[in-house]
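1. Sequence and predicted structure below; questions after.
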Amino acid sequence: MVFLRSEEHLDRWLAASGWTPGASMSASTLNELARRWWSTRLEPDWRPRSPQQSQAILDELGLTGSFWQLVPVAGDGADDQPDADQLDR
């Protein structure tokens, strides 16, 4: 995770480092994600949310694309089994 001050700074950092861009978000989106994701965690009756509920948080914040996809989309050809090359990671 790298914190940068602007999209322009990100562009310069990527060019200088040779890295390819990954997922990015603003500090305010990160703050809202953390608030929604963890705000109930210390409540005595806390229970883990379902993958669909977690996906809804990401979707509501506009965090879309394959990086943010927790729940397979119907008809996308994805299944519940990891690829063989992922088993070694």
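-> Thanks, I have it. Because the structure is a prediction, the values reported are computed rather than measured.

2. Point out where this structure drops to low pLDDT.
-> 75-89 (pLDDT under 70).

3. Mind checking which residue lies nearest the centre of it?
-> W68 (4.1 Å; Cα atoms, centre = their mean).

4. and the closest residue in space to it that isn't next to it in sequence, what element?
-> Nearest non-adjacent residue to W68, counting by Cβ to Cβ, 6 or more residues apart in numbering: L58, 4.8 Å away. Bear in mind the C-beta positions are built from the backbone N, C-alpha and C, glycine included. Taking DSSP states H and E as the definition, L58 sits inside helix 51-60.

5. which outside residues touch that helix?
-> L33, R36, W37, T64, W68, Q69, L70, V71 (Cβ atoms under 8 Å, 6 or more residues apart in numbering).

6. May I have it as CSV, with CA atoms only?
-> Extracted in CSV, the C-alpha atoms of helix 51-60 (Å, rounded to 0.1, in the frame of the first residue of the first chain):
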residue,chain,number,x,y,z
PRO,A,51,-19.7,-12.2,1.3
GLN,A,52,-22.7,-10.5,-0.4
GLN,A,53,-23.0,-8.0,2.4
SER,A,54,-19.2,-7.2,2.1
GLN,A,55,-19.6,-6.9,-1.6
ALA,A,56,-22.5,-4.4,-1.1
ILE,A,57,-20.2,-2.2,0.9
LEU,A,58,-17.6,-2.1,-1.9
ASP,A,59,-20.2,-1.6,-4.5
GLU,A,60,-21.8,1.3,-2.6
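
7. Next, the buried residues of that helix.
-> Q55, I57, L58 (16 or more other Cβ atoms under 10 Å).

8. for those residues, which one is nearest M25?
-> L58 (10.4 Å; Cβ to Cβ).

9. Distance of the residue nearest to the centre of the chain relative to R12?
-> Computed as Cβ to Cβ, to the nearest Å, the W68 to R12 distance reads 25 Å.

10. Ok, S50 next?
-> Distance from S50 to R12, by Cβ to Cβ: 40 Å.
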